[in-house]
Every structure is written in structure tokens, then in C-alpha cells.
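Undergrad: next input, structure requested:
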Amino acid sequence: MKPILTLFAGILLLCTWGDINAKNRDVRPTSSDRVALIRNSTTGSEYLAGVVLIKLKTYAGALEKGTVGIAELDAAIAPYGVREVRRVFPHHPPSQAHKTVDLSRFVVVEYTSPIDPASLAKELSAHPAVDYAEPKYISYLDLIPN
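TA: Got it, this is the predicted structure:
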């Protein structure tokens, strides 16, 4: 009976020690990380600098380097120094069904301009080829499960 209690106490101690250490760690990126974060002073939300997510109103076809494939939209984003345009779901084919979400219309635009992503997203949301645009928000775990 004594070896079982000793084993149980050891396991309990290890589990408690791991939980104490997990609570002391901060999993948020630090300034030494290569990701630049922007904190919205009004809402407290954080998002990546130089990245905007866009949902297009129509499928744009094949993406060329630094372009979305819609001439008017390409002209609108060109002044911001577009570094990369890629699909969020690259292997999802365009959908013609009205009851499903066409995941092929979601694109990520990375740019080099110092403009705030929230401001650029607001500007792009007003474009006729864009359904909506938003910064790339960062989500954090609120709880570390046991």
C-alpha cells in the first residue's frame, strides 16, 4: 500500500509543478519575435502590422505575384508596396453554390507601407470589388487547460 501512495503523491506533485510553471509563462510574442504587432487603443485587440485579410465579391482567378487579379483593386493596393498576395485557402476550388461560403475568395495581402492595417482595411472595404477587409487579428488562449 505504501508504494502506491508514494507513486500517487509523486504523480500529484509532478502535475502540480507543471501547472505552476505553466501559469508563470507568458505565451504572447515579445519584441524579440519577428512579428510586428499593433494594439488598438480603443478595443485592446492586437493585429499584425502590414497584413490585411480581404474577402472578394467574386472569384479573381489565378493570383499573380503582388496582384489580386482584379485591375481596379490591384491599382488601389499598389501604392502600399504590396509584398505578397496569397489565398487563405489555396486548395479550395471556387464554388458556384449559393448556400455555401466560397473560401476561394479570401486573400491575404502583405504590404510594406507604414499605414495602419485597420485604416487600410476600412479603405479597402469601401472598394466595389471587396466584400469586406480586416486586419489579421491575433488570438490568445485565455486559459491553459489542466
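
Undergrad: ranking helices and strands of this structure by mean pLDDT, which lands last?
TA: Here the helix or strand of the chain ranked lowest by mean pLDDT, DSSP states H and E is helix 2-24, holding a mean of 55.

Undergrad: and what about Leu141, helix, strand or coil?
TA: coil (DSSP: H, G, I helix; E, B strand; the rest coil).

Undergrad: which phi and psi does it have?
TA: Here is the backbone geometry of Leu141 (degrees, to the nearest 10): phi -70, psi 130.

Undergrad: C-terminal to the least confident helix or strand of the chain, what's the next element?
TA: strand 37-39 (DSSP states H and E).

Undergrad: quick one: buried residues of that next one?
TA: Ile38 (16 or more other C-beta atoms under 10 Å). Any C-beta I mention is one placed from the backbone N, CA and C, and that applies to glycine too.

Undergrad: and that strand, how far from the chain's centre?
TA: Put simply, strand 37-39 sits 12 Å off its chain's centre (C-alpha atoms, centre = their mean, to the nearest Å).

Undergrad: same check, this time on stretch 67-77
TA: Counting by C-alpha atoms, centre = their mean, stretch 67-77 comes out at 22 Å from the chain centroid.

Undergrad: please apply the same query to stretch 37-54.
TA: 10 Å.

Undergrad: end to end, how far does it reach?
TA: From its first residue to its last, stretch 37-54 covers 19 Å (C-alpha to C-alpha, to the nearest Å).
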